[in-house]
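Colleague: the sequence and its predicted three-dimensional model are supplied below.
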Amino acid sequence: MKAALLATVLLAAATVMAAEPAKPAAQAELKAGVLNPVMPAPQLKLQGTNGRPLDLASYRGKVVLLAFGFSSCGEVCPITLATLAGARKKLGPDAERVQIVYVTVDPERDDEARMKKYLGAFDPSFIGGVGSRAQIDVAQAAYGVTSKKIQFDGGGYTIGHSSSIYMIDRNGGLRAVMPYGRSSDDFAHDLRILLRS
């Protein structure tokens with residue numbers, strides 16, 4: 001019940017973020033949409049591209065940016081990953097205190113080796129999350145992420161998916177959601193705040 005409520009809150013937050021009205025003064029620092037109250041980030045039961053189980057709790061003390069996508073994505077995913085890599089570069093030495101986690105929505109094609117190679121082209125520190133279709137479905141549901149396979153005429157497919165980025169603070173709390181299309185400057189701004197809090 002709690003997971004279903006969280007997924008509903010996240011899905012609602014992700015769909016209205018771009019048109020969000022001015023925030024109260026206490027929340028105005030972050031450019032992302034702030035979640036209030038802060039809830040524990042749902043755990044992921046997936047395999048990481050670093051050869052270990054993907055455990056968000058192992059990143060306590062760091063800020064985690066969590067996103068969903070896939071290696072065959074033509075436009076949205078590469079833009080998101082390049083933006084996140086750019087944000088880390090803007091942080092200088094503080095980049096070591098930020099972990100990007102990118103979970104596939106295409107487990108049929110994205111295995112550990114493929115995701116590791118794909119993410120490494122953007123930033124070798126990025127960790128991918130892979131698993132079975134059932135495991136990915138659970139992860140998506142926990143964060144209110146939607147995806148839909150779109151078949152091409154003549155074979156092949158792509159996947160349409162929600163593309164917000166979830167911001168998890170150093171204590172494992174889900175603090176904010178950033179919509180797709182925001183700049184690396186916006187991410188760096190929010191990361192500096194979360195690293196101080």
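Modeller: Received, thanks. Residues are numbered from 1 along each chain as shown.

Colleague: Tyr180: what's its closest spatial neighbour, skipping adjacent residues?
Modeller: Spatially, and ignoring its direct neighbours in sequence, Tyr180 is nearest to Ser163 (4.0 Å; C-beta to C-beta, 6 or more residues apart in numbering). Backbone N, C-alpha and C define where each C-beta goes, glycine included.

Colleague: again, but for Arg88
Modeller: By the measure of C-beta to C-beta, 6+ apart, the closest residue to Arg88 outside its immediate chain neighbours is Ala95, 4.2 Å from it.

Colleague: from Val64, how far out is that neighbour?
Modeller: Plainly put, Ala95 is 13 Å away from Val64 if you go by C-beta to C-beta, to the nearest Å.

Colleague: which one of those two is surrounded by more residues?
Modeller: Neighbours were tallied for Ala95 and for Val64 using other C-beta atoms under 10 Å; the higher tally belongs to Val64 (21 against 18).

Colleague: mind checking how far that one is from Ser72?
Modeller: Using C-beta to C-beta, Val64 is found at 24 Å from Ser72.

Colleague: got it, and Asp55?
Modeller: For Asp55, the distance to Ser72 (C-beta to C-beta) stands at 27 Å.

Colleague: between the two, who's got more neighbours?
Modeller: For Asp55 versus Ser72, the count of surrounding residues by other C-beta under 10 Å is larger for Ser72: 16 against 13.

Colleague: right, and the more buried one touches Thr158 too?
Modeller: Yes. With the criterion set as C-beta atoms under 8 Å, Ser72 and Thr158 qualify as a contacting pair; they are 7.0 Å apart.

Colleague: which residue is nearest the centroid of the chain?
Modeller: Computing the C-alpha centroid of the chain and ranking residues by C-alpha atoms, centre = their mean puts Ala67 first, at 1.8 Å.

Colleague: quick check: it is in a helix.
Modeller: No. Secondary structure of Ala67 (DSSP: H, G, I helix; E, B strand; the rest coil): strand, not part of a helix.

Colleague: bridged to the spatially closest residue to it that is not a sequence neighbour, which residues?
Modeller: Taking C-beta to C-beta, 6+ apart, and ignoring the residues beside it in sequence, Ala67 has Ile165 as its nearest neighbour in space, at 4.7 Å. Taking DSSP bridges, one obtains Met178 as the residues bridged to Ile165.

Colleague: and the pLDDT at Ile165?
Modeller: For Ile165, the pLDDT comes out at 98.

Colleague: ok, then the element right after the helix or strand of the chain with the lowest mean pLDDT?
Modeller: Scoring the helices and strands of the chain by mean pLDDT, DSSP states H and E places helix 2-16 at the bottom, with a mean of 45. Downstream of helix 2-16, the next assigned helix or strand under DSSP states H and E is strand 33-40.

Colleague: list the buried residues for stretch 156-174?
Modeller: Neighbour-count burial for stretch 156-174, with 16 or more other C-beta atoms under 10 Å as criterion, is recorded at 159, 161-170, 172-174.

Colleague: much appreciated, bye for now.
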